[in-house]
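Peer 1: structure of the sequence below:
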Amino acid sequence: MEMLYLDRRQCDRFGVPYFDEGTLTVRAGDLLRSKDYDSFHRGVLEPIGEGKILLTRVREDLPGWYLLNDLDIKFS
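Peer 2: Below is the predicted model of the structure:
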């Protein structure tokens, strides 16, 4: 399972918490365009393209880190 980082600005933009539990469904491309990501994050997000991903975090996770739970690579 992969963990992806969202900074505070991204959390505000997407309406999800930086510290508390949260869930985000977003197109991988939208997330990728929201920040100048490193090669690890680009390697995870670029192959998904405009497919939707589900990210979740629990309070115990490090701030801003979300678990990539599900991939929906259909272009809906």
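
Peer 1: measure how buried the closest residue in space to Phe14 that isn't next to it in sequence is and give me the count.
Peer 2: Spatial nearest neighbour of Phe14, chain neighbours left out: Leu24 (5.5 Å); criterion: CB to CB, 6 or more residues apart in numbering. All C-beta spots, glycine's among them, are computed from the backbone N, C-alpha and C. Residues lying near Leu24 (other CB atoms under 10 Å) number 19.

Peer 1: list the beta-bridge partners for Leu24.
Peer 2: Under the criterion DSSP bridges, Leu24 forms beta bridges with Leu55.

Peer 1: please report how far it lies from Ser39.
Peer 2: Applying CB to CB, to the nearest Å, the value for Leu24 to Ser39 is 22 Å.

Peer 1: for Glu50, same thing?
Peer 2: Counting by CB to CB, the gap from Glu50 to Ser39 is 20 Å.

Peer 1: who has more neighbours, those two?
Peer 2: Comparing Glu50 with Ser39 by other CB under 10 Å, the one with more neighbours is Glu50, at 13 against 8.

Peer 1: residues in contact with stretch 7-26?
Peer 2: Residues from elsewhere that reach stretch 7-26 (CB atoms under 8 Å, 6 or more residues apart in numbering): 6, 31, 34-35, 52-59, 63-64, 66.
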